[in-house]
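Visitor: turn this into a model:
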Amino acid sequence: FLSGLRFVVVDEAHAYGGVFGSNVAMILRRLRRICLDEYGSAPKFIISSATVANPREHARDLIGLAGDVGDWSGTKGDGDDAIDVIIEDGAPRGAKTFLLWNPALKPGGGGVGTEAMTNTARKFERRLTPIERGKVALAKRLKALADAQIEPATAATDAGSDDEEIIERDAARTSPVVDIAQLLAECVQHNLRCIAFCKTRKLCELVLVYTREILRASAPELADKIASYRAGYDAAERRGIENSLFAGNLLGVASTNALELGIDVGSLDVTLHLGFPGSVASLRQQSGRAGRREDARALSIYVAFDGPLDQHFMRHPRALFDAPLERAYVDVDNPIVLERHLACAAYERVLFGNPGADEATFGPRARDVAAQMERKGKLFRAPCGTPTRDGQRYM
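Guide: So this is what the prediction gives:
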């Protein structure tokens, strides 16, 4: 198989970052090494991602090629180790509307009593007393007066608007879980195919339960047209949900990020997002599930929690939509990761048998780490003439 291997496809490359990505990078480097040294093959690597800010650099780090990282305009490079980057998007897509949904303030939640606390604030015992809040408001007024050097009446008016913002910020909001369940039920009743992305498995099940309750009261025949999807289900159950969603037998799914990458569920109409998923790349990947037809319109709705990050994006949407994609990084010089993979590589083929080749594959620290492993008794020096598979190996 390896002697005839021509192509290796690495999909969703932006997901291979951190410690996980470093281990994947080492596996890909070992694959290149064993193909070239043992089987005489040199497979081409096709690395795809729609949401990575440094495609050439990340591809170089993943597969260990010495491709030029200074220019990633898409022009063809020179040599066998050239990394060619294609950045023009030719995928069909229609118009998309992105809506930021901030749950409504609860009635009567603007006072200074216990009912005015946010859900987050209730988790903490210590909070500002009315006297302390008054001191903060007075300090703001005095600062505004000193900085702007304006009339006291005008300063008081401006401070009043600040107080209104404080009241709005501190007022409790309705549950975003209930709101997203109502949105999912509304989409299903309008025959729109939809995924509601949730951060945890528990939230998925809650959204499913609330949505079914709404549908049983308003459209009982549609209550079985929704399901939840998460990694805790066995493979057969997950494939069944995927096929039902692809075929249109299911109209709505509450899912963790398990449906974010690498699974074809067909073209959807709406994506719902319960809270910020943690990165701009993840949000774009999730919203990209909808609108994959050129002649179709799509809708994405980001429903906010009352946490500071979600509320920041609700007040400053440009901070979200103008934010650049995150860069993907792997650390192949990590000594712990390097030590474990050098042990595997030594079993596959003698280390440093081809001068300079393994240093280029595993990095400049490979020899130092191998020497430390030898002192620990995890590697030993192979005598001259020893077959390659019986060289340095893990003890």
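Visitor: where do the helices sit along the stretch 201-350 of the chain?
Guide: Using DSSP state H, counting those that start in this stretch, the helices of the stretch 201-350 of the chain run over residues 201-218, 235-247, 280-287, 308-315, 317-321, 335-348.
Visitor: how about the residue nearest to S41 when sequence neighbours are not counted, phi and psi?
Guide: Closest residue to S41 in three dimensions, ignoring its sequence neighbours and counting by Cβ to Cβ, 6 or more residues apart in numbering: C35, at 4.6 Å. C-beta: built from backbone N, CA, C; applies to glycine. With angles defined as degrees, to the nearest 10, C35 sits at phi -60, psi -40.
Visitor: sec struct for E186, please.
Guide: Look at E186: counting by DSSP: H, G, I helix; E, B strand; the rest coil, its state is helix.
Visitor: state the pLDDT value of it.
Guide: With respect to pLDDT, E186 scores 93.
Visitor: any idea how far it is from V19?
Guide: 41 Å (Cβ to Cβ, to the nearest Å).
Visitor: more neighbours, the two?
Guide: Counted by other Cβ atoms under 10 Å, E186 and V19 do not tie: E186 has more neighbours, with 15 against 12.
Visitor: which stretches of the stretch 251-395 of the chain have low pLDDT?
Guide: 260-266, 294, 382-395 (pLDDT under 70).
Visitor: before we move on, back to that, what is the burial count for the residue nearest to S41?
Guide: C35, neighbours per other Cβ under 10 Å, totals 17.
Visitor: repeat that for the one 4 residues further on.
Guide: For Y39, the neighbour count with other Cβ under 10 Å is 14.
Visitor: residues contacting it?
Guide: Residues near Y39 by Cβ atoms under 8 Å, 6 or more residues apart in numbering: L2, S3, L5.
Visitor: centroid residue for this protein?
Guide: S282 (3.5 Å; Cα atoms, centre = their mean).
Visitor: state whether L28 is indeed within a strand.
Guide: No - with three-state DSSP as the criterion, L28 is assigned helix and is not in a strand.
Visitor: one step back: of all the helices of the stretch 201-350 of the chain, which lies closest to F362?
Guide: helix 335-348 (6.6 Å; Cβ to Cβ).
Visitor: next one: the closest one to chain centre, how far?
Guide: Here the centre of helix 335-348 is set off from its chain's centre by 29 Å, with Cα atoms, centre = their mean, to the nearest Å.
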